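# Build me a model:
(4 chains)
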Protein chains: 2
Amino acid sequence: MKSERLLDTLLTITEALGADMDRYLRDNGLTTARAHLLWTLHRGGPAKQRDLAAALGHSPRNVTTLVDELVAAGHVIRRDHPGDRRAFLVELTPQAVTLLEVMAASHVELAGQLFGHLDARTRNELGEQLTGLAQRLATLVGEERG
Amino acid sequence: MKSERLLDTLLTITEALGADMDRYLRDNGLTTARAHLLWTLHRGGPAKQRDLAAALGHSPRNVTTLVDELVAAGHVIRRDHPGDRRAFLVELTPQAVTLLEVMAASHVELAGQLFGHLDARTRNELGEQLTGLAQRLATLVGEERG
DNA sequence: TATTGTTATACTCTATAACTATA
DNA sequence: TATAGTTATAGAGTATAACAATA
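Just a heads-up that it's a prediction; the model follows:
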């Protein structure tokens, strides 16, 4: 198979996977940005809005909006920062933790639907190819391809 | 390799590939939506705005905006529709045709950078896996996964 | 009456800059 | 003087609804 067709197929996958993930997030009342924020809190624990902005690559102003929306939806709370009266600590609610667990389970399920039919050897070979691909792409994206 | 890790790697690729394509389009003065419109004209020839809206999944109003911008950039022209005085035929300029040829060449180059090192057999196997993946994803996206 | 494209308007997501309150 | 977060404002990108010209 020619390289161009491989790339076209990969782009098709990219588009469908993005659409599927977006739709799944919308079904759970989240946008991509809000979901990223929740996962960042899940991984790193309670955080200041400033740190969330840096971690997510957003402006501080935008994090204010995202946190406002997540507070309104009951997914996070703002607590007073113990050591800095200017700042808040943004923290997941139990409801959000439950939601993230459901989403993690759905992630596993999707993985099974996509790759579950493969035998161990094929999965390993495919894994090697995809890992190499991810590395080459990271290099390209990092160094401004021309 | 576990299915979840395969999916994570695929999501990494999806993100990097999307970022790379977006940056490439910006470098050429295009957005994703404008580029899609140009490729649609390239494949199908001159078209009415209504048909472009249907083909691209946009509102007619939005196509008006996109075509306005592409006219301003010199990529398309609006011609009077020969058989319907309500409508325009949107048509690529020679400049846009040249740009699309350059973009197609860059697409081939990117494909080479990503897959050129693989031997024919590996490429075929990878192609089969990716094609199967694309089909499973199309099914999932089509039928509202739960 | 239906369709093509436009004007008017609004919503989402993002950004920068100026401001308040702390540090 | 610098930092954390907010208010004010703006700019993409998209949508629906009402309207004019034409079918």
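# where does chain A dip in pLDDT?
Within chain A, the segments meeting pLDDT under 70 span A:144-146.
# interface residues of it facing DNA strand D?
Counting by C-beta under 7 Å from any atom of the strand, the residues of chain A lying close to DNA strand D are A:48-51, A:60-61, A:63-64, A:67, A:78, A:81, A:84, A:86-88. Just so you know, the C-beta spots here come from the backbone N, C-alpha and C atoms, and that holds for glycine as well.
# Please pick the buried ones from these.
Listed as buried from the residues of chain A next to DNA strand D are A:48-49, A:51, A:63, A:67, A:87-88; burial here means 16 or more other C-beta atoms under 10 Å in any protein chain shown.
# So which of these belong to strands?
Among these, DSSP state E puts A:Phe88 in strands.
# In helices only, show me the buried ones among the residues of chain A next to DNA strand D.
Secondary structure from DSSP state H places A:49, A:51, A:63, A:67 of these in helices.
# where's the residue sitting nearest the centre point of chain A relative to DNA strand D, distance?
In chain A, the C-alpha nearest the mean C-alpha coordinate belongs to A:His36, at 4.7 Å (C-alpha atoms, centre = their mean). Using C-beta to the nearest atom of the strand, to the nearest Å, A:His36 is found at 17 Å from DNA strand D.
# Apart from its chain neighbours, what residue comes closest to that residue?
Nearest residue to A:His36 in three dimensions, chain neighbours excluded: A:Leu56, at 5.7 Å (C-beta to C-beta, 6 or more residues apart in numbering or on different chains).
# number of nearby residues for that neighbour?
A:Leu56: 16 surrounding residues under other C-beta atoms under 10 Å in any protein chain shown.
# Can you spell out which helices and strands pack onto the lengthiest helix in chain A?
If you go by DSSP H, chain A has its longest helix at helix A:3-27. Applying 3 or more C-beta pairs under 8 Å, 6 or more residues apart in numbering or on different chains; DSSP states H and E, one finds that helix A:3-27 contacts helix A:32-44, helix A:94-115, helix B:3-27, helix B:94-115, helix B:120-142.
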